[in-house]
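Asker: Next input, structure requested:
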Amino acid sequence: MLKSKTFVKKTRSGGIMKIVREHYLRDDIWCGSEVCTECKQEETVLQKDACIESNLCSFAHYLLPDTNIVLSQIDILEDPLIKNVIILQTVLQEVRHRSAPIYKRLKDILHDKEKHFYTFTNEHHRETYIEREQGESANDRNDRAIRISTKWYSDHLNNTPTDKRLKVVLLTNDRGNKEKAEESGLLTYRCEEYVKSLIANPELVDRLALTNDDKNEITSSKVLFPEHLPLSRIQSGIKSGTFQQGTFRASRDNYLEATVFVHGEGDDSTEVLIQGLQNLNRAVHQDLVAVEILPLDQWVAPSSVVLQDEGPKEDDVTEEEEAELKSGPSGAASRKPTGRVVGIIKRNWRPFCGMLFLSQIKEATRHLFTPADRRIPRIRIETRQAATLAGQRIMVAIDGWPKHSRYPNGHFVRSLGSAGDKETETEVLLLEHDVPHQDFSQAVLSFLPKMPWNITEEDMAVREDLRNLTVCSVDPPGCTDIDDALHCRDLPNGNQEVGVHIADVSHFIRPGNAMDLEAANRGTTVYLTGRRIDMVPELLSSNLCSLRSSVERLAFSCIWEINDKAEIVKTRFTKSVINSKASLTYAEAQMRIDDANMNDDTTKSLRGLNRLAKILKKRRIEKGALTLSSPEVRFHIDSETHDPIDLQTKELKETNSMVEEFMLLANISVAQKIYDEFSECALLRKHPAPPPSNYDILNKAAKSKDMVIHTDSAKALADSLDAAQVDGFPYFNTLLRILATRCMMQAVYFCSGMDSDFHHYGLASPIYTHFTSPIRRYSDIIVHRLLAVAIGADSTYPDLMDKHKQSALCNNLNYRHKMAQYAQRASVAYHTQLFFKSRGILNEEGFILFVRKNAIIVLIPKFGLEGTVFFENKDKPSPKLIFNEEAPSLTVEGHSFNMFDKVKVTISLDASNVQHQKIRMSLVEPVVRLLFQTQSLCNYRDPMVVNFHEVMN
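Answerer: Now for the predicted structure:
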């Protein structure tokens, strides 16, 4: 049966276009139930014994939720107890339009065969399709479609034998929909009614999201926050310029302060400071909000105090805390645009990890949940299993934040395990940094090559045979996902041939299949301490794509002819087959180069590469490439307990630099090639030049030693850093380079057709991309595909040539890359805590990296560890503090502390707060009278603590 709709549409050119939309209705759409004898279905999803113990439904039944139940109660639907559920096409389409994250979760449930969720395409079934009536809203039409489908299912299943009959229960929280369903004789319950009726599973009640009625029950009558403006007023205000739209970013250190990042045109952007509970107005970190800029005379400076929400209190903030906000610098120069949140455009809530703060009231069911992320407010939840959840890491979702409530309301999602347990803490770390880490699905694994796998004659016919070359790889110890290998050999004309051979991952991962989509979503491999979260399945990452020694592997090769001055004479790219002669560590490769007795082909190749790399690096630095510094650490892990037994900073060798130089050269060569061929859709990587204000702290540090750092160009900065030496203080230059790293912007991926600034500031290169690590970076897979098309080795596909889709992909890659960095730092921080927990108290020398109003931040070079020593304690008399912002210096009881001063500190683990364990530092030398030092957070967690390779490469 065919239904059609005809309407006319005006085109851009002013013409009229007639559009006919056809809608096919069918009789052969089956119900999916095992008990049905009418439908001619080969496979069924809904079970015949669909029983669950319930006070309301003592009979076998299927559940049919409406759209709002799916959107608000997805945590209930995900519970293993809930099975045999009918999801209508109407509901699926509405969920898809209204919430992409919930739609993905629903699709995951539908793909889980053990859940027995069935999608019924009611919009194409002759008996369940309905037309929208005149004057009927789209929402009312969809509610009616859900009731019609429920009625059809009930009647349809009534035709089965009496002893096998099942009923269909419609779940809806919409009062009007429920009343109309009951008038039609349908079995209908509110979700809360149904869940509370489940006799054997009372804990499921905790996972119920609060309805509007429930939210009103647990709030006070006192209005604490201004009303949020409706979306229509917000939109007109943004259009008129009264309001600004931006991303809300809560402070880690001060719960009464935040900034809103307002995107302007092009690269222009503004940060609006928000201070005080009412001005924050219930916005949560990463929400998209509307802000109103306050008059100039109400602008303030960022607060210099640390304020943590101390937990249960009256539903307001003390005047004392609000007053502390105003203790920042008062000069006009330090004031920033200040505003207030007037409305929420889009919530960016997700399930949050943390711990329960139990109520002091005996047998209370309402408790406060404290998130692990300090930027998220505490959340009020209702649970009957508080005693069980005490000491557990749990997940909680926010349901809403009424204007009468000091905290948002939410519900319990699930328990993650005992706090302090290594597996639990790693799970929290991955969830909090949004790192996809679930096992690869069967759909993904189905696209892996069948084993045993071999290179075929067809492969050899379209590739260059380079198996005779002396190729080797040089990597960190224990590396199994070997992306790259190199070779160097003399040519008859006196020049040298150098090749960079990269794993041909794009041969195995074809565009648009399930494995490709999963890799694109993950974006990058995440390296935690002692654990790796792969971007692609292990069969590829550690086996078929890994360029291990003594096995034939498919590669994508970039080969240069280079003269004695390391100048490129010729460049070519080819798909190839290689056979690596050695898989070396950096240390092993360095020993070969240094050992005069070793003269085999691999060692000669390494020496040739090392000689050329030194020339390439020298030339790069002469052009203005930056050589910065950052403390990086390596753990030695116990093979049985997997606990860290030693911690030391990484030592870089010449061979590290050797590999890096040729990877950079390959990336630059490939970037130019793909841009020449595809000027609109090349995936490139840029590193923006920092704004002058970023260098303030670096200039102050240099000035304290009577030096000047020139920052007008990368070349000027590089030259100034090279010249910055202090007699008798060899570590000074390293400290200055660490500070310079903090001044840098983050390098980002972008599509060439969507940007005009390609320059890579840190590398002093006009163009750059990522080509050399396709096993662990999805960006490199796209670059491989572009290069393969450019040299005629593969065919293109629409998405590859679509600059808008490429740009959207770049946004996801930048996000995944950033979160992977944060997760890696958090993993280092956690293992650092484990290390100091086992080592007890240590005394170590360090250097003052920053001076604050009431504290000094100390770097311990031995461990690459950073921490804060405070000189104030709320419970004790404070010492006399004099802070000089210009120097900067801090005088404590007559003793002056300056940047880069050497100090000695005691390092220990403060485990008094299970959720937020900290590395505590206290000053040993110099001795200061009346010294109080509070906890010091190991700064690996801080996104401002950066690795210069992460920032710039």
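
Asker: From now on I want contacts and neighbour counts done on CA atoms only, so please keep to that.
Answerer: OK.

Asker: Taking the centroid of this protein, which residue is nearest it?
Answerer: residue 819 (3.2 Å; CA atoms, centre = their mean).

Asker: what sits against the closest residue to it other than its chain neighbours?
Answerer: Nearest residue to residue 819, sequence neighbours excluded (CA to CA, 6 or more residues apart in numbering): residue 433, at 5.5 Å. Shown in contact with residue 433 (CA atoms under 8 Å, 6 or more residues apart in numbering): 819-820, 822-823.

Asker: Would you agree the residue nearest to the centre of the chain falls within a helix?
Answerer: Yes. Assessed with DSSP: H, G, I helix; E, B strand; the rest coil, residue 819 lies in a helix.

Asker: Let's see if you can find the most crowded of the contacts of residue 433.
Answerer: Among those, the one with the most neighbours (other CA atoms under 10 Å) is residue 823, at 26 neighbours.

Asker: Buried residues in the strand or helix carrying residue 844, which are they?
Answerer: Assigned by DSSP states H and E, residue 844 belongs to strand 842-851. Buried residues in strand 842-851, counting neighbours by 16 or more other CA atoms under 10 Å, are found at 844-851.

Asker: ok so, going back, identify the residues contacting the residue nearest to the centre of the chain.
Answerer: 433-435.

Asker: closest to residue 762 among those residues?
Answerer: Checking the contacts of residue 819 against residue 762 by CA to CA gives residue 433 as the nearest, at 26.7 Å.

Asker: Just want to check the distance between the closest residue in space to residue 803 that isn't next to it in sequence and residue 512.
Answerer: With sequence-adjacent residues excluded and distances taken as CA to CA, 6+ apart, residue 803 is closest to residue 681, at 4.9 Å. Remark: distance between residue 681 and residue 512 (CA to CA, to the nearest Å) = 18 Å.

Asker: okay, the two: which has more neighbours?
Answerer: For residue 681 versus residue 512, neighbours defined as other CA under 10 Å are more numerous around residue 681 (24 against 12).

Asker: ok, the more buried one touching residue 801?
Answerer: Yes. Checked against CA atoms under 8 Å, the pair residue 681 and residue 801 is within contact range at 5.7 Å.

Asker: quick one on the thing from earlier: what does the residue nearest to residue 819 show for phi and psi?
Answerer: When read as degrees, to the nearest 10, the backbone of residue 433 gives phi -100, psi 10.

Asker: which residues touch the residue nearest to residue 803?
Answerer: 675, 751-753, 800-803, 806.

Asker: Let me see the ranges of the helices in the stretch 51-200 of the chain.
Answerer: Here the stretch 51-200 of the chain has its helices, by DSSP state H, counting those that start in this stretch, at 67-72, 74-78, 89-98, 100-111, 138-157, 175-183, 191-196.

Asker: Residue ranges in the stretch 151-300 of the chain under the pLDDT threshold?
Answerer: Counting by pLDDT under 70, the stretch 151-300 of the chain has low-confidence residues at 162-163, 212-221, 264-268.

Asker: what about 90?
Answerer: Applying pLDDT under 90 to the stretch 151-300 of the chain flags the ranges 158-166, 198-206, 209-224, 252-255, 263-271, 297, 300.

Asker: mind listing the strands in it by residue range?
Answerer: For the stretch 151-300 of the chain, strands defined by DSSP state E, counting those that start in this stretch occupy the ranges 167-171, 187-189, 243-250, 257-263, 269-275, 288-293.

Asker: what inclination does the fourth one have with respect to strand 288-293?
Answerer: For strand 257-263 against strand 288-293, the angle by axes from the mean of the first three to the mean of the last three CA atoms, to 10 degrees is 100 degrees.

Asker: Direction included, what does strand 257-263 pair against?
Answerer: In the sheet, strand 257-263 lines up against strand 243-250 (antiparallel), strand 269-275 (antiparallel) (DSSP bridges).

Asker: just the shortest one next, same as before
Answerer: Based on DSSP bridges, the strands next to strand 187-189 in the sheet, each with its direction, are strand 167-171 (parallel).

Asker: So what touches the strand it pairs with?
Answerer: Strand 167-171 is touched from outside by 59-66, 69, 150, 153-154, 157, 186-191, with contacts defined as CA under 8 Å, 6+ apart.

Asker: Swap in 7 Å and give it another go.
Answerer: By CA atoms under 7 Å, 6 or more residues apart in numbering, the residues outside strand 167-171 that reach it are 60-66, 150, 153-154, 187-191.

Asker: Next, residue 857: secondary structure please.
Answerer: With three-state DSSP as the criterion, residue 857 reads strand.

Asker: so can I have CSV of the strands of the stretch 151-300 of the chain showing mean neighbour count?
Answerer: Shown next, in CSV, are these (neighbours: other CA atoms under 10 Å):
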stretch, mean neighbour count
strand 167-171, 22
strand 187-189, 20
strand 243-250, 24
strand 257-263, 22
strand 269-275, 21
strand 288-293, 24
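
Asker: would you turn those into a markdown table with distance to residue 521?
Answerer: Formatted as a markdown table, the strands of the stretch 151-300 of the chain follow (distance: least, CA to CA, whole Å):
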| stretch | distance to residue 521 |
| --- | --- |
| strand 167-171 | 33 |
| strand 187-189 | 38 |
| strand 243-250 | 22 |
| strand 257-263 | 25 |
| strand 269-275 | 28 |
| strand 288-293 | 22 |
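
Asker: Can you tell me which of those strands is nearest to residue 374?
Answerer: strand 243-250 (8.8 Å).

Asker: which ones are touching the residue lying closest to residue 813 once chain neighbours are set aside?
Answerer: The shortest distance from residue 813 to any non-neighbouring residue, by CA to CA, 6+ apart, is to residue 523 (5.3 Å). Contacts for residue 523 were tallied using CA under 7 Å, 6+ apart; they are 535, 777-778, 813, 816.

Asker: now with 6 Å?
Answerer: 778, 813, 816 (CA atoms under 6 Å, 6 or more residues apart in numbering).

Asker: so the last one sits in a helix?
Answerer: Yes. Checked against three-state DSSP, residue 816 lies within a helix.

Asker: How much space separates the residue nearest to it when sequence neighbours are not counted from residue 602?
Answerer: Nearest residue to residue 816 in three dimensions, chain neighbours excluded: residue 523, at 5.8 Å (CA to CA, 6+ apart). Distance of residue 523 to residue 602, computed by CA to CA: 34 Å.

Asker: With residue 707 instead?
Answerer: 46 Å.

Asker: ditto for residue 780
Answerer: For residue 780, the distance to residue 602 - CA to CA - is 27 Å.

Asker: next one: residue 88
Answerer: 64 Å.

Asker: Tell me where the stretch 851-953 of the chain has strands.
Answerer: Using DSSP E, counting those that start in this stretch, strands in the stretch 851-953 of the chain cover 855-860, 865-870, 881-884, 889-892, 895-898, 902-910, 918-925.

Asker: Next, format those strands as CSV and append mean pLDDT.
Answerer: Listed next are these as CSV, based on pLDDT from 0 to 100:
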stretch, mean pLDDT
strand 855-860, 86
strand 865-870, 82
strand 881-884, 82
strand 889-892, 85
strand 895-898, 86
strand 902-910, 86
strand 918-925, 82
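
Asker: Among those, which comes closest to residue 746?
Answerer: strand 865-870 (20.9 Å).

Asker: Can you tell me the element residue 19 falls in?
Answerer: Assigned by DSSP H and E, residue 19 belongs to strand 16-24.

Asker: Find the residue closest to residue 229 in space, skipping its chain neighbours.
Answerer: residue 343 (5.2 Å).

Asker: give me the low-pLDDT residue ranges for the stretch 351-500 of the chain?
Answerer: 357-366, 373-374, 382-391, 404, 419-422, 476-480.
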